[in-house]
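Trainee: Below is the structure, and that's it, no one-letter string:
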Ligand SMILES: NC(=O)c1ccc[n+]([C@@H]2O[C@H](COP(=O)([O-])OP(=O)(O)OC[C@H]3O[C@@H](n4cnc5c(N)ncnc54)[C@H](OP(=O)(O)O)[C@@H]3O)[C@@H](O)[C@H]2O)c1
């Protein structure tokens, strides 16, 4: 496993880290026992950074991470998120009272005295005009409730606004072979300001593993079943907002670019790591086997310029018209 610096925190985090949404909820039935096995495998593979949120299974994901931390002696840095407990996303909801309460809940779930990294969980765009919210976060650092803070965003414009705030250490954004726009302007600006980038949904909700078929079935409580058209949350979080059939066709074209002996998940993750502005990819892993598969992307050699150009071409022809202007 290779490690990269995260913002100005002084932390060096595993370039393949662990996304802990699926072990909380909204991804079908996942047993706690299997989730703990997946988390433990991640640590065995050298992962030292985990992304979660207070709402993943209403604290279930955070509590599993607390169990993991109790049983392992390595340093494990945990990034969590706050804001999605609001019944409706309003700027007013990000009050001192609410933020303090959400953070207290996460501290309890994670069984720690201070959160390593707190991320605002995809608030609406106008939040980035509210300097007072970032002032509240600065106060929460001062009183020792959080060490650092960052944001998780849907849109590039939000990312660009967020990094104008001097204490924002990280931006989490969807970045993968099907979501290439962040690399255009945002990555350069983030690098200049030494802001870390967490590449989320790196496998386009499993599509970029190459295992999905036109007739693949998903459980009733799996968002790949119930949020394909943005019924419950931003449609971009499900298959990166790419139409299922079009995504599968693009995946079929990507297959031709993959070197012998490399899995598609590893290829998709290595593609992300080609961008040095990225701190880490945070693939979701439900089983130890998935976690190991993903972690091995860190050991692969750099992709050739021809392969990088191939991914760019497939994106440009098949995917860009669907997503580029939206996020
Ligand atoms: N708003 C936000 O801030 C936000 C939103 C979304 C995600 N996130 C974060 O980003 C993380 C990653 O995104 P994601 O979990 O949505 O999507 P993802 O990482 O693109 O896809 C994860 C899913 O792909 C499948 N998978 C993973 N590795 C595999 C492998 N090697 N082989 C075969 N299948 C594999 C698993 O599901 P199956 O086995 O069921 O196919 C897994 O749950 C989340 O866990 C979360 O921490 C944050």
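Mentor: Okay, I see it. The structure displayed is predicted, hence computed values, not measured ones. Numbering: from 1, shown residues only.
Trainee: What parts of the stretch 201-327 of the chain come near the ligand?
Mentor: Residues of the stretch 201-327 of the chain found near the ligand (Cβ under 6 Å from any ligand atom) are 201-206, 209, 211, 237, 265, 282-286, 290, 293-294. C-beta: built from backbone N, CA, C; applies to glycine.
Trainee: give me that answer again for 5 Å
Mentor: For the stretch 201-327 of the chain, the residues found near the ligand under the criterion Cβ under 5 Å from any ligand atom are 201, 203, 205-206, 209, 237, 265, 282-284, 286, 290, 293-294.
Trainee: chain center to stretch 292-299, what's the gap?
Mentor: When distances are taken as Cα atoms, centre = their mean, to the nearest Å, stretch 292-299 is centred 16 Å away from the chain's centroid.
Trainee: which parts of it are buried?
Mentor: Neighbour-count burial for stretch 292-299, counted by 16 or more other Cβ atoms under 10 Å, picks out 293-298.
Trainee: hmm, back to that, so, if you compare the residues of the stretch 201-327 of the chain next to the ligand, which one comes nearest to the ligand?
Mentor: Distances from the ligand to those, taken as Cβ to the nearest ligand atom, are shortest for residue 284 (2.5 Å).
Trainee: Please produce CSV containing the buried residues of stretch 292-299, extended by pLDDT and secondary structure.
Mentor: As requested, those are arranged in CSV below (pLDDT from 0 to 100; DSSP: H, G, I helix; E, B strand; the rest coil):
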residue, pLDDT, secondary structure
293, 98, helix
294, 98, helix
295, 98, helix
296, 98, helix
297, 98, helix
298, 98, helix
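Trainee: Can you tell me which of those residues lies closest to residue 22?
Mentor: Using Cβ to Cβ, residue 294 is the member of the buried residues of stretch 292-299 that lies nearest residue 22, at 12.4 Å.
Trainee: The helix ranked longest in the chain packs against which elements?
Mentor: For the chain, the helix that runs over the most residues, judged by DSSP state H, is helix 96-110. Using 3 or more Cβ pairs under 8 Å, 6 or more residues apart in numbering; DSSP states H and E as the contact criterion, the secondary-structure elements in contact with helix 96-110 are helix 60-71, strand 77-82, strand 115-121, helix 131-142.
Trainee: mind giving me TSV with the buried residues of stretch 292-299 and columns for distance to residue 54?
Mentor: Shown next, in TSV, are the buried residues of stretch 292-299 (distance: Cβ to Cβ, whole Å):
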residue	distance to residue 54
293	28
294	24
295	26
296	31
297	29
298	29
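Trainee: okay, the most centrally placed residue in the chain: pLDDT?
Mentor: What sits nearest the mean C-alpha location of the chain, by Cα atoms, centre = their mean, is residue 200, with 2.7 Å. Note for residue 200: predicted pLDDT of 98.
Trainee: hang on, the earlier thing: determine how far the longest helix of the chain lies from the middle of the whole chain.
Mentor: Centre to centre, stretch against its chain (Cα atoms, centre = their mean), the figure for helix 96-110 is 21 Å.
Trainee: what residues are up against the residue lying closest to residue 285 once chain neighbours are set aside?
Mentor: Spatial nearest neighbour of residue 285, excluding adjacent residues (Cβ to Cβ, 6 or more residues apart in numbering): residue 291 at 4.0 Å. With contacts defined as Cβ atoms under 8 Å, 6 or more residues apart in numbering, the neighbours of residue 291 are 18, 38, 41-42, 45, 47, 285.
Trainee: if we can go back for a sec, ChimeraX command for the buried members of the residues of the stretch 201-327 of the chain next to the ligand?
Mentor: Here is the ChimeraX selection string for the buried members of those, based on 16+ other Cβ under 10 Å:
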select :201,203,205,206,209,237,265,282,283,284,286,290,293,294
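Trainee: Save the residues of the stretch 201-327 of the chain next to the ligand as JSON lines, and put in secondary structure too.
Mentor: Listed next are those as JSON lines, based on DSSP: H, G, I helix; E, B strand; the rest coil:
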{"residue": "201", "secondary structure": "coil"}
{"residue": "203", "secondary structure": "coil"}
{"residue": "205", "secondary structure": "helix"}
{"residue": "206", "secondary structure": "helix"}
{"residue": "209", "secondary structure": "helix"}
{"residue": "237", "secondary structure": "helix"}
{"residue": "265", "secondary structure": "helix"}
{"residue": "282", "secondary structure": "coil"}
{"residue": "283", "secondary structure": "coil"}
{"residue": "284", "secondary structure": "strand"}
{"residue": "286", "secondary structure": "coil"}
{"residue": "290", "secondary structure": "helix"}
{"residue": "293", "secondary structure": "helix"}
{"residue": "294", "secondary structure": "helix"}
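Trainee: And the furthest pair within the residues of the stretch 201-327 of the chain next to the ligand?
Mentor: Taking Cβ to Cβ, no two of those sit farther apart than 237 and 293, at 22.2 Å.
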